[in-house]
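Participant: Predicted model, plus sequence, below.
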Amino acid sequence: MAPTFHITTLGCKVNQYESEAIAERMREAGFTDSDTDVADVYIINTCTVTGESDRKCGQMIRKAAKKNENAAILVVGCFSQVSPDNVAKIAGVDYIGGSASKLSVVDEAIDILKNGKRSTPKIAVSSLDRAKFENVCINEFGRTRAYIKIEDGCNNRCSYCIIPTARGRVRSKAPEDIINEINSLYAGGCREIVLTGIETDAYGLDLDSYRLADLVEDICRETKIERIRFGSLDSTLFTDDFVERVCKNERILPHFHISMQSGSSSTLASMRRRYNAKMAHETLARIRAARPSVQFSADFIVGFPGESDEHFYETLEFIKKERFITLHVFQYSRRKGTEAAAMKDQIDPSKKKVRSEMLISTQREIRRDILSRMLGTSVPLLIERIKEEDGILYALGHTPSFIQMKAKIKPYHSKNDIASINVTSFDADCIYGEEI
């Protein structure tokens, strides 16, 4: 009987992509996916963006060890890159890898099953100073859209963030490898891709005069993929040139997720972001002028050290003006090893909670207004899933602007079809409709 494996993934879409690539290599090596959470091999792909992330990683490693005390336990990713000694203290761990060479876990798993569990874990965490891009790729995709990792690392030094330490400097995937991966996925039925990375907008910084706009143009020229999205982007990416070459392209879907963090120029400066509130307003206006149907989502942090009531209300007004379709609101959490953790004027947790609730409440009203304006309009829906309820077929998926949708459809449809839907109603999370 083939040995089984189970992968636990914590953190970002990049980690999820890397776990999918590891899973494919495991299957190629003769392993099978565990039907339950009991397996012969456990791989935990970790995150370290906050102290809470570290705690969850440790919890997941211990949970795996309890499920099967004889299983091989391999830990990779950002937490093990930054804190390998802490991982090594957890009973049952056999292998500790970092953020580079993640595919090595496959050979390590084979070795452990062949030779037995190790009395002390093998630590294979290397410096990222000269790390190259690990050319991982996927050939399959479990969902309608496929994430493609095009970049690793971050050159920014935001005062609250440990990720440059955990991921190293910017490394870009070769354009021809990205093109080949997309063509392979398209041949397998994929119609929508998401280009993602640790700092997606930095793609090409390590290449010779080749940047993200060049890559997008090559993808559109050399592949037949119909719909292209991006992971989180910095507002500084959207120069006049980028907007003209990329944002106006109809194969680029009209939704961008912006890593904003604050709407206060003072707070942004303390965070050591590369823009201020005025620059961000101008950027979003530039994109809207080029693509009137665009919607934006964004990340915001409340309660950053030194964030006064005035600074917070500047953020609140920024959100009201820009009318984001979705917000991810985070209460600032001290991260050991970052500059912000040692800053004075740390904000009381109760105040962070109040500020978070105010942003979320404001966002609900904005979203409700945006969705109400869609009533009676027609939108194309990429069908991600079909289910039957009381003899009626419903399609579930997302609109081009990444709004969740549920719609009655005709019986001849299948997953990955695109249907034209008339919007009839909505709630806080979803819009509803019927095929025209």
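Facilitator: Alright, I've got the coordinates. Residues are numbered from 1 along each chain as shown.
Participant: Show me what the strand or helix carrying Gln81 packs onto, helices and strands only.
Facilitator: Using DSSP states H and E, Gln81 maps to helix 78-82. Secondary-structure packing of helix 78-82 (3 or more C-beta pairs under 8 Å, 6 or more residues apart in numbering; DSSP states H and E): strand 41-46, helix 51-67, helix 84-88, helix 163-167. To be clear about C-beta, it is placed using only N, CA and C from the backbone, and glycine gets the same treatment.
Participant: Contacts only, for Val14.
Facilitator: The contact partners of Val14, by C-beta atoms under 8 Å, 6 or more residues apart in numbering, come to Lys149, Asp152, Thr196, Gly197, Ile198, Gly231.
Participant: wouldn't the second one be in contact with Lys132 here?
Facilitator: Just to be clear, that refers to Asp152. No - Asp152 is not in contact with Lys132 according to C-beta atoms under 8 Å; the separation is 9.4 Å.
Participant: More neighbours: which of these two?
Facilitator: Between Asp152 and Lys132, counted using other C-beta atoms under 10 Å, Asp152 has the larger neighbour count: 26 against 10.
Participant: Identify the bridge partners of that one.
Facilitator: Using DSSP bridges, the bridge partners assigned to Asp152 are Arg171.
Participant: what about it, distance to Phe133?
Facilitator: 6 Å (C-beta to C-beta, to the nearest Å).
Participant: okay, and the common contacts of those two?
Facilitator: Here Asp152 and Phe133 have Arg171 as joint contacts, going by C-beta under 8 Å, 6+ apart.
Participant: quick one: average confidence on the longest strand along the chain?
Facilitator: Longest strand in the chain, counting residues (DSSP state E): strand 378-389. The average of the pLDDT scores along strand 378-389 is 95.
Participant: Output that strand in PDB with nothing but the alpha carbons.
Facilitator: This file holds the C-alpha atoms of strand 378-389, laid out as PDB (Å, rounded to 0.1, in the frame of the first residue of the first chain):
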ATOM      1  CA  SER A 378     -26.000  42.000 -16.400                       C
ATOM      2  CA  VAL A 379     -22.700  40.500 -15.300                       C
ATOM      3  CA  PRO A 380     -20.600  37.500 -16.700                       C
ATOM      4  CA  LEU A 381     -20.200  34.800 -14.100                       C
ATOM      5  CA  LEU A 382     -17.400  32.200 -14.200                       C
ATOM      6  CA  ILE A 383     -19.000  29.100 -12.800                       C
ATOM      7  CA  GLU A 384     -16.900  27.600 -10.000                       C
ATOM      8  CA  ARG A 385     -19.400  25.200  -8.700                       C
ATOM      9  CA  ILE A 386     -22.900  23.900  -9.600                       C
ATOM     10  CA  LYS A 387     -25.400  22.600  -7.100                       C
ATOM     11  CA  GLU A 388     -29.100  21.600  -7.200                       C
ATOM     12  CA  GLU A 389     -31.700  22.900  -4.700                       C
END
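Participant: these two touch, right, Gln346 and Gln331?
Facilitator: No - the criterion here is C-beta under 8 Å, and Gln346 misses it with Gln331 at 12.0 Å.
Participant: before we move on, the earlier item: and for Asp152 and Lys132, which residues touch both?
Facilitator: Shared contacts of Asp152 and Lys132, counting by C-beta under 8 Å, 6+ apart, come down to Arg171.
Participant: Just checking the distance from stretch 7-18 to the centre of its chain.
Facilitator: Chain-centre distance of stretch 7-18: 9 Å, with C-alpha atoms, centre = their mean, to the nearest Å.
Participant: Determine the number of other residues adjacent to the closest residue to Asn249 other than its chain neighbours.
Facilitator: Closest residue to Asn249 apart from its sequence neighbours, by C-beta to C-beta, 6 or more residues apart in numbering: Cys220 at 6.5 Å. For Cys220, the tally of surrounding residues (other C-beta under 10 Å) stands at 16.
Participant: Ile178 now?
Facilitator: For Ile178, the count of nearby residues is 24 (other C-beta under 10 Å).
Participant: Which secondary structure state does it sit in?
Facilitator: Judged by DSSP: H, G, I helix; E, B strand; the rest coil, the three-state class of Ile178 is helix.
Participant: Okay, it and Thr223: tell me how far apart.
Facilitator: 9 Å.
Participant: Please apply the same query to Thr362.
Facilitator: Applying C-beta to C-beta to Thr362 and Thr223 gives a distance of 40 Å.
Participant: which one of those two has more residues nearby?
Facilitator: Using other C-beta under 10 Å, the more surrounded residue of Thr362 and Thr223 is Thr223, with 20 against 16.
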